[in-house]
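**Student:** structural data only, the sequence is not supplied:
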């Protein structure tokens, strides 16, 4: 009788593992890059929100010294204090442009 050999050879398994490794080497950096990009875009959106609230507060109060306490709160223009998603740090309110304290070079309003 002829014996039946079932299963994969070592070469076939090595080829599959190599292909999976190549796909992982391409996919993982892209996944991490998209996470950083989304944090940056969230931070920029928060900065735009704060800038708009600063303008509205300035129009209502006439003051140029605006703090986050004037902007954020139940009866103010922003319901809750926004934080930078990168390090959970609070934004610094400087008129006319708010700043992100964690990564000011990357996280800034487009001009």
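**Tutor:** Thanks, I have it. From a predicted model like this one, the values you see are computed outputs, not experimental measurements.

**Student:** gap between the residue minimising distance to the centre of the chain and residue 76?
**Tutor:** By CA atoms, centre = their mean, the chain has its centre lying nearest to residue 39, at 0.4 Å. Here residue 39 is placed at a distance of 25 Å from residue 76 (CB to CB, to the nearest Å). Any C-beta I mention is one placed from the backbone N, CA and C, and that applies to glycine too.

**Student:** sorry, back to before: contacting residues for the residue nearest to the centre of the chain?
**Tutor:** 85, 86 (CB atoms under 8 Å, 6 or more residues apart in numbering).

**Student:** state the helix or strand in which it lies.
**Tutor:** helix 10-61 (DSSP states H and E).

**Student:** any stretches of this protein with poor pLDDT?
**Tutor:** 1-3, 95-96, 103-111 (pLDDT under 70).

**Student:** same thing but 90
**Tutor:** 1-8, 35-37, 39-111 (pLDDT under 90).

**Student:** what is the burial count for residue 27?
**Tutor:** Residues lying near residue 27 (other CB atoms under 10 Å) number 10.

**Student:** ignore the last one, residue 66
**Tutor:** So residue 66, with other CB under 10 Å, has 20 neighbours.
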